[in-house]
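*Asks:* just need the structure, nothing else, for what follows:
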Amino acid sequence: MQITVQIPDDLAQDPSSVRAALEAFAIEGYRSGALSPYQTRVLLGFETRYELDGFLKQHEVWAHAYSVEDLERDRAGFERQP
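*Replies:* Take a look at the predicted model:
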């Protein structure tokens with residue numbers, strides 16, 4: 001499938017701006033869960049998972065970040081232990 005996105009001419013003249021838009025789209029798709037790690041990797045043109053991991057780390061995108069809900073679940077588990 002091909003999707004066409006119209007980008008203003010002044011942005012389209014700078015390939016780094018186009019790449020930045022693609023990366024922002026991929027990051028948000030990954031964060032929201034709309035894109036799997038594999039889909040994100042392919043969208044960005046990375047050949048390996050290590051390349052994707054490095055990219056995500058560089059952009060401070062953490063998979064399965066420890067949330068408040070995780071903390072509460074862990075706390076409740078500790079309280080149940082004898």
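
*Asks:* show me the shaky parts of the chain.
*Replies:* Counting by pLDDT under 70, the chain has low-confidence residues at 63-67, 81-82.

*Asks:* which parts of it are helices?
*Replies:* 9-12, 15-32, 37-44, 49-58, 68-80 (DSSP state H).

*Asks:* please identify the most buried of those helices.
*Replies:* helix 37-44 (a mean of 16; mean count of other Cβ atoms under 10 Å). Backbone N, C-alpha and C define where each C-beta goes, glycine included.

*Asks:* counting by contacts, list what that one packs against.
*Replies:* helix 15-32, helix 49-58 (3 or more Cβ pairs under 8 Å, 6 or more residues apart in numbering; DSSP states H and E).

*Asks:* show me what the shortest one is packed against.
*Replies:* For helix 49-58, the helices and strands in contact under the criterion 3+ Cβ pairs under 8 Å, 6+ apart are helix 15-32, helix 37-44.

*Asks:* and stretch 11-28, how far out from the chain middle?
*Replies:* Distance of stretch 11-28 from the chain centroid (Cα atoms, centre = their mean, to the nearest Å) equals 14 Å.

*Asks:* what does that stretch contact?
*Replies:* Contact with stretch 11-28 is made by 5, 7, 34, 35, 40, 43, 44, 55, 56, 59, 61, as judged by Cβ atoms under 8 Å, 6 or more residues apart in numbering.

*Asks:* check contacts around the closest residue in space to residue 40 that isn't next to it in sequence.
*Replies:* Leaving out its chain neighbours, the residue that sits closest to residue 40 by Cβ to Cβ, 6 or more residues apart in numbering is residue 30, at 4.5 Å. For residue 30, the contacting residues are 37, 40, 56, 61, 63, by Cβ under 8 Å, 6+ apart.

*Asks:* make CSV out of those and add distance to residue 14.
*Replies:* Output for the contacts of residue 30, formatted as CSV (distance: Cβ to Cβ, whole Å):
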residue, distance to residue 14
37, 29
40, 23
56, 24
61, 24
63, 30
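
*Asks:* any idea how far residue 77 is from residue 71?
*Replies:* Residue 71 is 11 Å from residue 77, where distance means Cβ to Cβ, to the nearest Å.
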